[in-house]
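Chemist: Build me a model:
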Amino acid sequence: MKVNKIIKGLTLILIGIIFLANTLDILEWSVWSNILKLWPLLLVSLGLSLLFRGKGLSFTGPLIIFLGIILGVGASYMGINFEGEIVQEVKTLSREIVIEIEKTPETEVATEVEIPSETEITPEIKLDQEAEVVPKAKEYLEIEKASIELKFDVGTLTLNEPTPLLYECISQYRYKEFEPFEKFSHIEKEAHILIYHSPVLKSRISNNIKNDWQLKLNNGIIYDISIKTGAINTDCNLSGFKVEKLFIDSGASNINLVLPKYDSKIIIKTGVSNIDIAIPKNVGATVSIDSGIAKKNLDDFIKLNGKYISNNYNTAEFKLDMEIDCGVSRINIYYTDLP
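Modeler: Alright, predicted model coming up:
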């Protein structure tokens, strides 16, 4: 079989594999943009085929096309186009701790009516009205507790830096549909923050999307944190914050947590995952694990009635209760020295 026929066959197989990867969300459909930018290689291929016809090197033309497709796919997978690295948008969401509240404006109407005496002949009654507008009154509330809910499809989440604000979320994203938005509400001194992006077509979601979310918290506020996402990489050090509840609901994940030095409840629901959890030494913990095939490392725990209990549970300053529900996973929970 001639070499050029083999290369042409491999090229068709490669194109079929790319389409299959697109439909399985392994590669983004935008890969074809990179490949189409290499259209001049068609002319190069044709020229080489004509130049070496009959000389045993006619396969060089199809080979150029084959290598060009591989180059386009590789560059797209790494998030690079042939005009340079794809520019990421950056957007910051934040809220102050102190909230200014304006009371409903009140309007007072003072009415004076002059009533004629019996001796006055004029039948007219004079009406003098003056409206006095009371300025808006302002009140200030300082938030003491906040629940933060994060909803995004795929990306990397980091949480380890404090902020003097109520919260700060810095987002980097490649595509406009992943732009984050905020919904904020409060009842008295308790706030609720929802950070989300618009619904994204499933065909636009793949593991190589480079979205980065950096969340900063105030170390004087009590938080409930809920993270609902698809594939996620997390690197969160909560040891310096007052996190009362942490809920993570995700798909395939890499979860790296340092838990808070606080009485807290931790719930993790995930698919195939690597889970590394560090616990400060002044925190006693109970851990319940419901998993498929999982490699577990809990050296500082004893197992009692199906639940893992830390050796320091009875003497620890703080207590936490943890529930993990996962698929095939590696789970490593250990104690660490923290200042």
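Chemist: Pop the domain breakdown of this structure in here.
Modeler: Following automatic domain parsing, one finds the domains of the chain at 3-85, 102-139, 141-336.
Chemist: can I get the ones you listed in a markdown table with mean pLDDT and distance to Ser94?
Modeler: Bear in mind the C-beta positions are built from the backbone N, C-alpha and C, glycine included. Conversion of the domains of the chain to a markdown table gives the following (pLDDT from 0 to 100; distance: least, C-beta to C-beta, whole Å):
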| stretch | mean pLDDT | distance to Ser94 |
| --- | --- | --- |
| domain 3-85 | 70 | 27 |
| domain 102-139 | 52 | 21 |
| domain 141-336 | 91 | 4 |
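Chemist: To Thr92, which of those domains lies closest?
Modeler: domain 141-336 (5.0 Å; C-beta to C-beta).
Chemist: start to end distance for the closest one?
Modeler: Domain 141-336 has its terminal residues 38 Å apart, counting by C-alpha to C-alpha, to the nearest Å.
Chemist: again, but for stretch 305-321
Modeler: Using C-alpha to C-alpha, one end of stretch 305-321 lies 15 Å from the other.
Chemist: Check the offset of that stretch from the chain's centre.
Modeler: How far stretch 305-321 lies from its chain's middle: 31 Å, per C-alpha atoms, centre = their mean, to the nearest Å.
Chemist: Kindly report the same for stretch 151-161.
Modeler: Averaging C-alpha coordinates over stretch 151-161 and over its chain gives two centres that are 4 Å apart (C-alpha atoms, centre = their mean).
Chemist: likewise stretch 90-98?
Modeler: Distance, stretch centre to chain centre, for stretch 90-98: 15 Å (C-alpha atoms, centre = their mean).
Chemist: same check, this time on stretch 255-263
Modeler: Using C-alpha atoms, centre = their mean, the mean C-alpha position of stretch 255-263 is found 18 Å from that of the whole chain.
Chemist: Next, the buried residues of that stretch.
Modeler: Using 16 or more other C-beta atoms under 10 Å as the burial criterion, the residues of stretch 255-263 that qualify are Ile255, Asn256, Leu257, Val258, Leu259, Pro260, Lys261, Tyr262.
Chemist: repeat for stretch 229-245
Modeler: For stretch 229-245, using 16+ other C-beta under 10 Å, the buried residues are 229-243.
Chemist: circling back to that earlier point, tell me the one among the buried residues of stretch 255-263 nearest to Ala278.
Modeler: Proximity to Ala278 was ranked across those by C-beta to C-beta; first place goes to Val258, at 4.6 Å.
Chemist: one step back: among the domains of the chain, which is the most enclosed?
Modeler: domain 141-336 (a mean of 17; mean count of other C-beta atoms under 10 Å).
Chemist: Touching the host helix or strand of Asp224 from outside, list them.
Modeler: In this structure, Asp224 is located in strand 222-237 according to DSSP states H and E. For strand 222-237, contacts defined as C-beta atoms under 8 Å, 6 or more residues apart in numbering pick out 144-160, 205, 207, 217, 241-258.
Chemist: Repeat that for stretch 210-221.
Modeler: Applying C-beta under 8 Å, 6+ apart, the set of residues contacting stretch 210-221 is 79, 88, 97, 143-146, 148, 150, 152, 154-159, 161-174, 178, 180, 223, 240-242.
Chemist: Which one of the domains of the chain lies nearest to Leu93?
Modeler: Between Leu93 and those, the tightest spacing by C-beta to C-beta is seen for domain 141-336, at 4.6 Å.
Chemist: now the longest strand anywhere in the chain and strand 222-237, what's the angle there?
Modeler: Among the elements of the chain assigned as strand by DSSP state E, the one spanning the most residues is strand 145-162. In this structure, strand 145-162 runs at an angle of 30 degrees to strand 222-237, with axes from the mean of the first three to the mean of the last three C-alpha atoms, to 10 degrees as the basis.
Chemist: What is the subsequent helix or strand relative to strand 145-162?
Modeler: strand 167-173.
Chemist: which residue packs closest to Gly306, ignoring adjacent ones?
Modeler: Spatial nearest neighbour of Gly306, chain neighbours left out: Ser288 (7.4 Å); criterion: C-beta to C-beta, 6 or more residues apart in numbering.
Chemist: sec struct for that neighbour, please.
Modeler: For Ser288, the secondary-structure state derived from DSSP: H, G, I helix; E, B strand; the rest coil is strand.
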